[in-house]
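>>> Need coordinates for the below:
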Amino acid sequence: MSSNKGSVTQYFLGRWGRTPLHNACGKNGNLAVVKYLVKKHGDDVQCRDLRNHTPLDIATNHNCREIIQYLLHLSSLKTAPKLDELMSNVAAAIPEKWKQFGVQLKIPPSTLEDIILRSRFQSLFRYNCNSGCGMGQKASTHHSSKLHEVVHLLQRQESLKRQPSVEDSSASDPLLVLSPEVVLLILDLLPPSTLVLTCRLVCTSWKQLVDEPQLWQLRMKRAHNFEPRLTDLSHVVNWPQLYTNSVARPNLIRSVVDGKLSLQPWYLSATDWSNFSVNFTREKQPEHNSWRGGTVGGGDGWLVEEPAWCEMTPELKKENEGLNQCYVTSYGWCCREQWVDLERAGFSGEILDAIQPVIEITEWFGARGDCGSVFNLRVDLLDEACEKQSQSGRTFTFSEVTAQWHGGHWHKVQHQFKDYGKGVRYVRFADGGKDTQFWAGHYGSKMFGACVRIIFSQI
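Here you go, the predicted model:
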């Protein structure tokens, strides 16, 4: 299908009404063909297909930078005289609700117009103008088309002023034109999960921004959990992971699954580990939990009790991730352990050896008022071979026997490992208990809030 317009012949191909110039600007565009069609054949660089796309739009979508620069140059020569005429109607084209919104945020009208008109998101902006986007009455079709044209003209003139090179990747990213300080403040307002799971996946430049050490150092300083010597180890630090496991979600022990306390993350046994004194080997490290839905342990095994028999105050529920639940033992030894791989959690060997941050362990335990119980806790710091070395201060043990009629209250166990020397790579957390009356059922010691936390020097 063809139509004659003067001496210029436009060929419309396919159902989208694209001209040869549109096709030449598409994927694997050819600048020589584009120049031939414009200079020798007289194709109009402003022509639009049935989707309202110009050749420049097609070239932009396919990132044909040489063609983009050439078409921008031609478009500016043809359309620059119309810019002043269109700009005179800008104020009338902006919905009244948008102006009120700008007043509330103390944005000057000229700045508001500049923000709107220079928006890179042309299709979204045109949709907002036509639909009102819930901010006011619909803008007229006349104003919408006028705004859309002004956006095109402003973008082309700004691009001509900058004259981006083929290697310049920052020209198309609005975030990179801001100063590093402003970008840092903007990203600092976002939740860590949004930064890591959304912003970091946008493109390579955004990934580099999110991975900037200064962003995560700022957050750690605000949480008072930062060590200045960490800056010297930036080459071995995964900052998003380090922030998550030391500030955002500091407990390295897993107890909650699907919003409830669970035995699934634990390795369960009927052996009392409190007196286990020989070295560990890598083969003995429990990489998979032996619990498969049963109640592994002595007597009637473990039980997750809800609600907890001992009353939990709001403060205690906060320590237990808001849950009114606890673990309960039986009349035989019910023991469990969990291993924390510090390097896998983001604390590299260099950090552990050079800084030796405080390793804090806590747990809450209690007993029924009508039945006595025993509670044992043992925590070991292990090296790469999963063995205890000769350094002192790498093991903490605690044992408490509660007599019958003396229970009904929660007690907290807390200990901090400091100056433990080089080589620590694992934390082995083992606890357990039983009742002293040998009653069938679950009348033994109760516990919740097992926690292993890494604390850097507070500033």
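
>>> CA atoms for contacts and neighbours, from now on please.
OK.

>>> Point out where this structure drops to low pLDDT.
1-16, 75-176, 272-295, 388-391, 458-459 (pLDDT under 70).

>>> could you pull out the strands for it?
Taking DSSP state E, the strands of the chain run over residues 2-5, 8-11, 256-257, 260-261, 267-269, 303-305, 326-328, 334-341, 358-366, 373-382, 395-402, 410-417, 426-435, 446-455.

>>> Turn these into CSV, including distance to Leu209.
Conversion of the strands of the chain to CSV gives the following (distance: least, C-alpha to C-alpha, whole Å):
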stretch, distance to Leu209
strand 2-5, 50
strand 8-11, 46
strand 256-257, 33
strand 260-261, 36
strand 267-269, 40
strand 303-305, 44
strand 326-328, 42
strand 334-341, 28
strand 358-366, 30
strand 373-382, 36
strand 395-402, 41
strand 410-417, 35
strand 426-435, 32
strand 446-455, 26
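
>>> Redo these as a markdown table? Include mean neighbour count and distance to Gly17.
A markdown table is the format used below for the strands of the chain (neighbours: other C-alpha atoms under 10 Å; distance: least, C-alpha to C-alpha, whole Å):
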| stretch | mean neighbour count | distance to Gly17 |
| --- | --- | --- |
| strand 2-5 | 9 | 10 |
| strand 8-11 | 16 | 8 |
| strand 256-257 | 13 | 56 |
| strand 260-261 | 20 | 59 |
| strand 267-269 | 22 | 67 |
| strand 303-305 | 19 | 68 |
| strand 326-328 | 25 | 69 |
| strand 334-341 | 23 | 61 |
| strand 358-366 | 20 | 68 |
| strand 373-382 | 23 | 71 |
| strand 395-402 | 15 | 77 |
| strand 410-417 | 14 | 73 |
| strand 426-435 | 26 | 66 |
| strand 446-455 | 23 | 63 |
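
>>> among those strands, which is nearest Leu74?
Closest to Leu74 of the strands of the chain, according to C-alpha to C-alpha: strand 8-11, at 17.5 Å.

>>> circling back to that earlier point, of the strands of the chain, give the one that comes closest to Ser179.
Between the strands of the chain, strand 446-455 lies closest to Ser179; by C-alpha to C-alpha that is 32.7 Å.

>>> Just want the angle from that closest one to strand 410-417.
30 degrees (axes from the mean of the first three to the mean of the last three C-alpha atoms, to 10 degrees).

>>> Just the CA trace of strand 446-455, in PDB.
The C-alpha trace of strand 446-455 is given here as PDB (Å, rounded to 0.1, in the frame of the first residue of the first chain):
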ATOM      1  CA  LYS A 446      10.100 -24.500  78.700                       C
ATOM      2  CA  MET A 447      12.100 -22.200  76.500                       C
ATOM      3  CA  PHE A 448      11.800 -19.600  73.800                       C
ATOM      4  CA  GLY A 449      13.800 -16.700  72.300                       C
ATOM      5  CA  ALA A 450      17.000 -18.500  71.400                       C
ATOM      6  CA  CYS A 451      19.200 -15.900  69.800                       C
ATOM      7  CA  VAL A 452      22.800 -15.500  68.400                       C
ATOM      8  CA  ARG A 453      23.600 -12.000  67.500                       C
ATOM      9  CA  ILE A 454      26.700 -10.200  66.200                       C
ATOM     10  CA  ILE A 455      27.400  -6.800  67.800                       C
END
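
>>> tell me what that strand is packed against?
Secondary-structure packing of strand 446-455 (3 or more C-alpha pairs under 8 Å, 6 or more residues apart in numbering; DSSP states H and E): strand 326-328, strand 358-366.

>>> So what are the sheet partners of it and their directions?
Strand 446-455 has the following sheet partners, assigned by DSSP bridges: strand 326-328 (antiparallel), strand 358-366 (antiparallel).

>>> ok, residues contacting the last one?
This points to strand 358-366. The list of residues contacting strand 358-366 from outside it, by C-alpha atoms under 8 Å, 6 or more residues apart in numbering, reads 310, 375, 407-418, 445-456.

>>> Next, the angle strand 373-382 makes with that strand.
Going by the same axes, to 10 degrees, strand 358-366 makes 170 degrees with strand 373-382.

>>> Would you mind measuring from Glu400 to Ala430?
15 Å (C-alpha to C-alpha, to the nearest Å).

>>> Of the strands of the chain, give the one that comes closest to Lys318.
Of the strands of the chain, nearest to Lys318 by C-alpha to C-alpha is strand 446-455, at 9.5 Å.

>>> Would you mind pulling the contact partners of that closest one?
Contacts of strand 446-455 (C-alpha under 8 Å, 6+ apart): 225, 245-246, 250-253, 255, 319-320, 325-329, 357-367.
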